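Chemist: predicted model follows, preceded by the sequence.
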Amino acid sequence: MADPMHQFEIHKVVDLPAISVPGIGAIDLSITNSTVSMLIAATLVVVFFAVATAKAAIVPGRMQVIGEGVFGYIDDLVAGIIGPEGRKFFPFVFTLFLFILAMNVLGLFLVFTATSQLAVTASLAVMTMLLVIGYGVLRNGANMYKLFVPAGIPWYMLILVTPIEIISFVLRPVTLALRLFGNMLGGHVALKVFAGFVVSLGAMAAGGGLGLLGIPGAALSLGGVVALTALEFLVAFLQAFVFAVLACVYLNDVVNLGHHH
């Protein structure tokens, strides 16, 4: 059976020279299969909306309906969680959702899934939290401390609650990154294992004799692959949705800081 972890290995596609950054060291700028996967995902999103909006009409076509549907869906999500002021973050959340969704779905058709790499999901999580912290400081200034002091808590409970709130905030990018990474990694490993069973049991059945007993097992494994593939399409959407929802929730905490609880 093929190694189920082999599909996650990083390989250089275009070897480029490294550059030296003071204080950081050498940075390898080579283009890898992960980079290619992300570039393809971003390109597909841009091309789709370019085509969908190229001939915008009062009576929309199929692609325009899909494009407008996704646009309205994320707009309602942002406004519903953050409020009217949250629409300033719509471009970020919209791009984040579509980029993650494109990478997740693309991984079901190509060998490599960019979101199965912790470095990719961690980068998206850190970028999201930097926006939250940056906007929170610009908007609230010194009042940012209220983020760690929930309203209505008795003063004697703050000794316990405040450290918990601080730890929870620090762990937000960790949980964001690990949730997406773990779901995509686990799903693809399960698919690879079941697909390996199909090949192994099918090869055993080809030998004849008692090996024919492998046919029912191969058929069952094939059914598992089909079911898991359908589930992975659902997970691909749900994980992009959850990431976008949590980004909105974290932004809501600093936009509506006075109502934080």
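Modeler: The structure has been received and is ready for your questions. These numbers were taken from a predicted model, which means no experiment stands behind them. Numbers count the residues shown, from 1 in each chain.
Chemist: what segments of the protein are strands?
Modeler: 12-14, 19-21, 25-27, 31-32 (DSSP state E).
Chemist: looking at those, which is closest to residue 52?
Modeler: Between residue 52 and the strands of the chain, the tightest spacing by CB to CB is seen for strand 31-32, at 28.6 Å. C-beta coordinates here come from the backbone N, C-alpha and C atoms, glycine included.
Chemist: hey, which of the strands of the chain is tucked in deepest?
Modeler: Most buried of these by mean neighbour count (mean count of other CB atoms under 10 Å) is strand 31-32; its value is a mean of 16.
Chemist: got any ranges where the stretch 151-261 of the chain has weak pLDDT?
Modeler: Low-confidence segments of the stretch 151-261 of the chain (pLDDT under 70): 206-213, 258-261.
Chemist: what about residue 221, neighbour count?
Modeler: Neighbour count of residue 221, defined by other CB atoms under 10 Å: 21.
Chemist: now do the contacts for it.
Modeler: Contacts for residue 221 (CB atoms under 8 Å, 6 or more residues apart in numbering) come out as 194-195, 197-198, 201.
Chemist: let's see 6 Å
Modeler: Residue 221 sits next to 194, 197-198 when contact means CB atoms under 6 Å, 6 or more residues apart in numbering.
Chemist: ok, of the residues you listed, which one's closest to residue 38?
Modeler: Residue 38 has its nearest neighbour among those in residue 194, at 26.9 Å by CB to CB.
Chemist: the closest one touches residue 227, doesn't it?
Modeler: No: counting by CB atoms under 6 Å, residue 194 does not reach residue 227; the two are 9.0 Å apart.
Chemist: which one's more surrounded, those two?
Modeler: Between residue 194 and residue 227, counted using other CB under 10 Å, residue 194 has the larger neighbour count: 20 against 11.
Chemist: list the contacts of that one.
Modeler: 221, 224-225.
Chemist: try residue 117
Modeler: Residue 117 makes contacts with residue 34, as judged by CB under 6 Å, 6+ apart.
Chemist: that older thread, adding distance to residue 74, write the contacts of residue 194 out as a markdown table.
Modeler: A markdown table is the format used below for the contacts of residue 194 (distance: CB to CB, whole Å):
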| residue | distance to residue 74 |
| --- | --- |
| 221 | 38 |
| 224 | 33 |
| 225 | 32 |
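Chemist: so what's the closest residue to residue 126 other than its chain neighbours up against?
Modeler: The shortest distance from residue 126 to any non-neighbouring residue, by CB to CB, 6 or more residues apart in numbering, is to residue 173 (5.3 Å). Contacts of residue 173 were listed using CB under 6 Å, 6+ apart, and they are 125-126, 129.
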